[in-house]
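Colleague: sequence-free structure coming up:
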């Protein structure tokens with residue numbers, strides 16, 4: 001448990017009452033559900049309290065089961081970030097300042113911060129900040145104890161500085177209204193894409209590109225949006241841009257081939273693109289063989305298409321049920337096409 005100096009004359013309830021009477025002094029976030037942390041689980045406990053605030057039914061043990069590392073008796077920072085992200089929440093690690101921390105609190109976004117509590121052995125602790133009072137320089141935080149703690153700015157900042165001002169923001173993507181760098185702009189766009197909000201995804205991919213015009217992944221992701229919207233000309237343009245930036249980007253070749261297939265255009269060239277994708281990334285050959293099968297079927301090479309689909313199915317394990325289902329459907333179409341051809345010949 002973190003040992004912090006509290007402020008004499010203040011406790012959580014009295015500070016809440018003060019801030020309710022005079023919101024100009026600061027802000028605190030209502031509705032957080034704090035549970036006492038178990039030994040060495042400050043990270044999972046902090047994240048669980050934030051995720052419960054956003055409506056998740058989750059405990060520190062649920063999170064620890066997936067990301068706690070017994071060999072270090074703790075949790076890595078990026079594992080906390082990625083756990084929340086994989087749950088569908090925007091998550092952003094930064095090395096920030098007290099002003100930015102206050103801005104997030106005012107927006108009713110609780111923030112996980114890191115403190116260094118033992119400088120000699122470099123021991124760190126996660127806590128959740130959910131309030132502040134600028135008048136008396138006070139922070140409200142959940143430190144892993146059952147009750148929230150009132151901490152002076154002096155003690156808070158000293159320990160936060162020793163942890164390089166590390167903080168983690170976790171919130172629904174709709175809550176993000178501050179400036180992001182290209183990396184986090186792209187992550188935000190990916191979340192919107194997963195949720196089917198292609199309009200929001202497109203806007204954020206375009207913002208990511210405007211901030212970093214050299215990263216091929218951002219163009220690729222934007223191309224995927226246009227492909228989903230069936231704007232194949234724009235998607236083709238973007239995939240070609242990806243290949244200009246990175247000639248070894250296998251998925252770009254595959255998706256470019258698929259767009260040409262959809263347009264029934266340059267199908268021989270499309271086959272070359274898929275062959276290149278397989279050469280670059282044989283581990284994903286199942287997906288690429290499926291694309292190649294579609295092209296061959298459109299060209300009337302039915303037996304070749306059937307052979308490719310069967311090869312594709314062998315490339316997947318039983319766990320990827322979505323991919324298997326799609327390829328089986330494509331195989332059924334090809335088999336039916338062969339049956340009709342044979343019936344016609346008879």
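Modeller: Good, I have the coordinates. From a predicted model like this one, the values you see are computed outputs, not experimental measurements. Numbering: from 1, shown residues only.

Colleague: quick one: the closest residue to residue 309 other than its chain neighbours and residue 275, what's the gap?
Modeller: The spatial neighbour of residue 309 that comes closest, neighbours along the chain excluded (C-beta to C-beta, 6 or more residues apart in numbering), is residue 331 at 4.1 Å. (Glycine included, C-beta is placed from N, CA and C.) In this view, residue 331 and residue 275 are 21 Å apart by C-beta to C-beta, to the nearest Å.

Colleague: coming back round to it: so which strand or helix has the residue nearest to residue 309?
Modeller: Using DSSP states H and E, residue 331 maps to helix 321-345.

Colleague: Can you list the helices and strands that that helix packs against?
Modeller: helix 285-298, helix 302-314 (3 or more C-beta pairs under 8 Å, 6 or more residues apart in numbering; DSSP states H and E).

Colleague: Return the set of buried residues in the strand ranked longest in the chain.
Modeller: Identified as the longest strand of the chain according to DSSP state E is strand 123-133. Of the residues in strand 123-133, 124-133 count as buried by neighbour count, 16 or more other C-beta atoms under 10 Å.

Colleague: for residue 264, helix, strand, or coil?
Modeller: Here residue 264 is coil, with the state taken from DSSP: H, G, I helix; E, B strand; the rest coil.

Colleague: And the protein, split by domain according to the record?
Modeller: Using the TED database, the domain ranges for the chain come out as 25-174, 182-344.

Colleague: Mean pLDDT for these - can I get that in JSON lines?
Modeller: Output for the domains of the chain, formatted as JSON lines (pLDDT from 0 to 100):
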{"stretch": "domain 25-174", "mean pLDDT": "92"}
{"stretch": "domain 182-344", "mean pLDDT": "95"}
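
Colleague: backbone phi and psi for residue 74, please?
Modeller: phi -170, psi -170 (degrees, to the nearest 10).

Colleague: so it makes contact with residue 40?
Modeller: Yes - contact criterion C-beta atoms under 8 Å: residue 74 and residue 40 qualify, at 6.1 Å.

Colleague: Where do the helices of the stretch 151-300 of the chain begin and end?
Modeller: Ranges of helices in the stretch 151-300 of the chain, per DSSP state H, counting those that start in this stretch, are 153-162, 182-194, 198-211, 216-228, 232-245, 250-262, 267-280, 285-298.

Colleague: Could you check the angle the shortest one makes with strand 123-133?
Modeller: To tie it back to what came earlier, the one meant is helix 153-162. Counting by axes from the mean of the first three to the mean of the last three C-alpha atoms, to 10 degrees, helix 153-162 lies at 140 degrees to strand 123-133.

Colleague: How far does stretch 304-319 sit from its chain's centre?
Modeller: Relative to the centre of its chain, stretch 304-319 is centred 30 Å away, using C-alpha atoms, centre = their mean, to the nearest Å.

Colleague: Contacts only, for residue 202.
Modeller: Each residue near residue 202 by C-beta atoms under 8 Å, 6 or more residues apart in numbering is listed here: 189, 222, 225.

Colleague: try 7 Å
Modeller: The neighbourhood of residue 202, defined by C-beta atoms under 7 Å, 6 or more residues apart in numbering, consists of 222, 225.

Colleague: now it: how far from residue 260?
Modeller: Taking C-beta to C-beta, one finds residue 202 at 22 Å from residue 260.

Colleague: Count the residues that sit near residue 153.
Modeller: By the criterion of other C-beta atoms under 10 Å, residue 153 has 17 neighbours.
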